[in-house]
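[1] next come a sequence and a model predicted from it.
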Amino acid sequence: MRSVIDRPFTVIAHRGAGNSPGDNTAESFQAALAAGVPALECDVRQTADGALVLLHDGVVPLPGGGRLVVRQASLAALRVAIPSLLTLEEFLEEFGEQALVNLDLKGSGFERRLVTIVERWGHPERVYITSQHAASLRRLALSLPTALRGLSHGHAFTRFPRRVAGRSAFPMRSLMAVQLALTLRLARADVVALQHRVVTPWLTRWLRRQGWQVTTWTVNDPREALRALRAGVRAVTTDVPQQLLEALAKRQAYPATASTWDELFGQAALARW
């Protein structure tokens, strides 16, 4: 059987291998690697004392009541509350050479610290940084040009029951495409990371013609993942990487093997700036 996907793609494990081992934990990332996932995604926040830690939420509830606001808490206090907490340095050292990595920035203002950590680690070409903040990506384009940069878009569509499709949605998609192009240029982004309900073949083709690669998040239905890949996205982020890989394998669709994001996506996007 011939593969139903006609271009190289990858699968990204969202915070590791789902919720069972715990988000953004070593156990979760190890489970994702054991399933054969070629790329790992994690959330990055800054603490009050300047550490970059892997946490999705900005507030950590404490047993018996109370809470810690991550940006106002020290790394030591957060480690007491979350013994499994990983710093960005620990994540890169343990997992960065076993898989490509996607660092999803939760907030802005800590770009210089991020650059220092990634450069000290030494493999920025294995890093794909996503953010909703165009200014953050623009700063990273100047200070860490070797890392791939993706503007994350479509968070409002997480509340939509269906994807943005059909003739009636064309004006919305067209307006969104123009807004995206302006913001992507401002951000000096290489990639746009779209919420999966936004993905359509028309929008993906249009963005690719303008020079941007497209990835999508967070897709847990194999049929929806297949639809997005057929529409032209180059990476699918999922909470259920093992199930998704198994479903794609049944259609003879396998993630590409690549040692850098540049190798996976090609030179075109990285050469635009």
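    Happy to help now that I have it.
[2] quick one: the strands in the chain?
    Shown for the chain, the strands assigned by DSSP state E span residues 10-14, 39-46, 52-53, 59-61, 67-69, 100-105, 127-131, 148-153, 191-195, 213-217, 235-238.
[3] the first one: partners in the sheet, and parallel or antiparallel?
    It stands for strand 10-14. Here strand 10-14 is paired, per DSSP bridges, with strand 39-46 (parallel), strand 235-238 (parallel).
[4] any chance of those in TSV, plus mean neighbour count and distance to Arg71?
    C-betas here are computed from N, CA, C, even on glycine. Formatted as TSV, these follow (neighbours: other Cβ atoms under 10 Å; distance: least, Cβ to Cβ, whole Å):
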stretch	mean neighbour count	distance to Arg71
strand 39-46	23	6
strand 235-238	28	25
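[5] kindly reformat the ones you listed as TSV containing mean pLDDT.
    Below are those laid out as TSV (pLDDT from 0 to 100):
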stretch	mean pLDDT
strand 39-46	98
strand 235-238	98
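[6] Asp6: which of the ones you listed is closest?
    Closest of these to Asp6 is strand 235-238, at 15.4 Å (criterion: Cβ to Cβ).
[7] need the contact partners of the closest one.
    Here strand 235-238 makes contact (Cβ atoms under 8 Å, 6 or more residues apart in numbering) with 9-14, 39, 41, 102, 193, 196, 215-220, 225, 228-229, 244, 264.
[8] and if you look at stretch 105-120?
    43-46, 50, 52, 55-56, 58, 71, 88-89, 92, 103, 124, 127, 129-131, 133, 135-136, 139-140, 143-144, 147.
[9] number of residues surrounding the nearest residue to Leu62 once chain neighbours are set aside?
    Distances taken as Cβ to Cβ, 6 or more residues apart in numbering put Ala81 closest to Leu62, at 6.0 Å, once the chain neighbours are dropped. When neighbours are counted by other Cβ atoms under 10 Å, Ala81 registers 15.
[10] equivalent analysis for Pro145, please.
    Pro145 sits with 14 neighbouring residues when counted by other Cβ under 10 Å.
[11] so what pLDDT did it get?
    Per-residue confidence at Pro145 stands at 96 (pLDDT).
[12] and it, its phi and psi?
    Backbone torsions of Pro145, given as degrees, to the nearest 10, read phi -70, psi -20.
[13] name the residue closest to the centre of the protein, please.
    Of all residues in the chain, the one closest to the mean position by Cα atoms, centre = their mean is Asn102, 4.8 Å from it.
[14] which residues does the residue lying closest to that residue once chain neighbours are set aside contact?
    Among residues not flanking Asn102 along the chain, Glu41 sits closest, at 4.1 Å (Cβ to Cβ, 6+ apart). For Glu41, the contact set (Cβ under 8 Å, 6+ apart) comprises 12-15, 101-104, 237.
[15] can you tell me how far Glu41 is from Tyr128?
    9 Å (Cβ to Cβ, to the nearest Å).
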